[in-house]
Structures are given as structure tokens and as C-alpha cells.
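Colleague: with the sequence up front, the predicted model follows.
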Amino acid sequence: MDAKKKSHIVVWGNAKGGVGKSTLALHFALQCMYEKLSVACFDADGDQGTLFRSIENRRQYCKQQNFSLPVPEIVRFCPSAYETAELSIKDLDLLLQTLENFDVIVIDTQGSDTPLGRYVHQKSSVLVSPITESPLDLDLFVNIREIQEQSHLTLPFGSYAHMVWEQRLNKASQAQEHLEWVVVRNRISHQISRTQLHMEKILKSLAPRVGFHIGPSIGDRSIFRELFSYGLTVMDRDGLTTLAHITARQEIKSMTQYILSLLKKNKY
């Protein structure tokens, strides 16, 4: 990052839950801190509060164990507290302004399509969308039914791809800025399957049309789930030297470097 303070907003978004947004957002935030960047986290899905609770758990764990680990600032934002989307958007902007001196603001979003969620997507410098091997996830990016009916010569957009496309156009017209989009294949099985190869083929075909990058993938490892409840990450436990731990750490580093390279490339 350059010497001049400028917040770079990295949004973790998808139109459904259960894809690993909160887990990867936490790992990305901590890896940025280990790389000497100042980081604030913003849980825009504060009604569920997964990212918020994980960071609070991290703070409590460090206190109980007398550990000195980096802990990012965290803001919990509860959309249900507002009568209208307009009011929630206004307060969200005010809260983000209080974080503008941080190098990176990491935002975790709701797993649904809402007016607030659309606005948060539009605010991003880089949008990161985890996707698992489930056809339910893929259907949000490309309309599987229309592919099966062979009614399109080109891959038809799914609902989430449509939404991101609209927010990208809005950002370009209103702020004259480009929205970079990265799709991260998450919880990838170690055994190559027909479904895995099929999804990889479709995503590679869809990427240039929709305009997203396919970032480094993350394997399906229980260590992510085991550490998350404590607010810990695979970067924190240097004493763990199992192959799964070392590989998971390298995957997070690769993913983080890929996202940061897009920020530097576009001089956000």
C-alpha cells in the first residue's frame, strides 16, 4: 500500500449462506495484519454476527491465555434495527467514515439479496465471492436450468451474477471506479470428482463474460472449523506443523496476496 492513508474496502459476498464468507474474511483480515497492514472488520450481517462473535472470541481467548495476537477492530451492524433500507444505508456510510484511516476495511455481508447488501457490494474495491462445489452455489452464477434446456448458446447469468453486474455498472457511473470481482472456490475436496471438473469448466467459461477473476482455491479442511470458534486462524499457531495446517496457511497467503495485488494493480 502507498504511504498515503486510503481505505481499501474488500467485501465478502454471496447471495446465500454456508459458503465460508465469514471464515475466509477473518483469515484474510488476520493475514493482512500479519503483513503489517492496519485492518478494520465490518460485520454487515450483524443480526447473525458470525464475524463479530469470532473476533470477540479471539479477544477473550487472548485474554484468558495471556496471548498477544493481532486483533482487528470490529463494527457490528444490524440491518433489522432500521425501519427502511435508506436509513440503514445512511448509518452504514457514517460508520464506514469512522474507519477510513485503516489500510483495509473487511466487510462480511448477509447471505441474501437485499437493498443494503447491494449497496455494500457497490462500495467494494474488491468483491470476493466464495463458492463451494454445490450445484446450488453454481446456480447463483449461471442459470443451470437454462443450460440443461439448451436454450442459450452462451452461458446465462444466474441471479447473483446479475446483481453484481448491476452494481458494477452503478459504481462505474456514479463513482467512476471499477469494481474488481474475485471468485474463490472454497472447501474443495481433495479427491477430484466429475462435479468438481464440471464446475471448474463452467466458471472458466463464465469468467471472461461476467468479468470476474478466479482466485486461488481453498481446500476442505477441518482445521478451519476447529479454530474459527476461538477466533483463531491457521496463521496463529506456528507450532502446528501438520501437512494440512501448512497447506491451509499457504492457501490463505496465496489468496490474500492475490486480492492485494488487484488493489495495487488498480491503485485503489
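Modeller: Thanks, I have it. Numbers count the residues shown, from 1 in each chain.
Colleague: pretty sure residue 39 sits against residue 31.
Modeller: No: applying CB atoms under 8 Å, one finds residue 39 not in contact with residue 31, separated by 9.4 Å. (Each C-beta comes from the backbone N, C-alpha and C, glycine too.)
Colleague: check which helix or strand covers residue 200.
Modeller: Assigned by DSSP states H and E, residue 200 belongs to helix 194-210.
Colleague: C-terminal to that helix, what's the next element?
Modeller: With DSSP H and E, the next secondary element past helix 194-210 is strand 213-214.
Colleague: residue 187 contacts residue 222, doesn't it?
Modeller: No: in this structure residue 187 lies outside contact range of residue 222 using CB under 8 Å: 10.7 Å.
Colleague: which of these two has more neighbours?
Modeller: residue 187 (21 against 9; other CB atoms under 10 Å).
Colleague: state the distance from that one to residue 14.
Modeller: 13 Å (CB to CB, to the nearest Å).
Colleague: residue 186 too?
Modeller: 10 Å.
Colleague: shaky segments in the stretch 51-200 of the chain?
Modeller: 144-154 (pLDDT under 70).
Colleague: buried residues in stretch 204-220, which are they?
Modeller: Neighbour-count burial for stretch 204-220 flags 206, 210, 212, 214, 215, 216, 217, 218 (criterion: 16 or more other CB atoms under 10 Å).
Colleague: nearest to residue 230 among those residues?
Modeller: Each of the buried residues of stretch 204-220 was checked against residue 230 using CB to CB; the closest is residue 218, at 19.2 Å.
Colleague: I'd say the closest one and residue 185 touch.
Modeller: Yes: contact between residue 218 and residue 185 holds when scored by CB under 8 Å: they sit 7.3 Å apart.
Colleague: intersection of neighbour lists for these two?
Modeller: The contact sets of residue 218 and residue 185 overlap at residue 130 (CB atoms under 8 Å, 6 or more residues apart in numbering).
Colleague: can you report how many residues neighbour the residue lying closest to residue 143 once chain neighbours are set aside?
Modeller: Of all residues not flanking residue 143 in the chain, residue 156 sits nearest, at 4.2 Å (CB to CB, 6 or more residues apart in numbering). Using other CB under 10 Å, residue 156 is surrounded by 17 other residues.
Colleague: what do you get for residue 65?
Modeller: Using other CB under 10 Å, the number of residues around residue 65 comes to 10.
Colleague: and the longest helix seen in the chain, what other elements does it pack with?
Modeller: Using DSSP state H, we find that the single longest helix of the chain is helix 243-265. Using 3 or more CB pairs under 8 Å, 6 or more residues apart in numbering; DSSP states H and E, the elements in contact with helix 243-265 are strand 8-12, helix 21-34, strand 126-131, strand 180-185, helix 222-228.
Colleague: right, and the ones you listed - which one's nearest residue 55?
Modeller: Of the helices and strands packed on helix 243-265, nearest to residue 55 by CB to CB is helix 21-34, at 7.2 Å.
Colleague: tilt between that closest one and strand 8-12?
Modeller: 150 degrees (axes from the mean of the first three to the mean of the last three CA atoms, to 10 degrees).
Colleague: ok, and what's touching helix 21-34?
Modeller: 10, 12-14, 39, 41, 45, 50-51, 54-55, 70, 72, 103-104, 106-109, 111, 128, 130, 184, 186, 218, 224-225, 228, 231, 233-236, 252-253, 255-256, 259-260.
Colleague: thanks again, I'm all set now.
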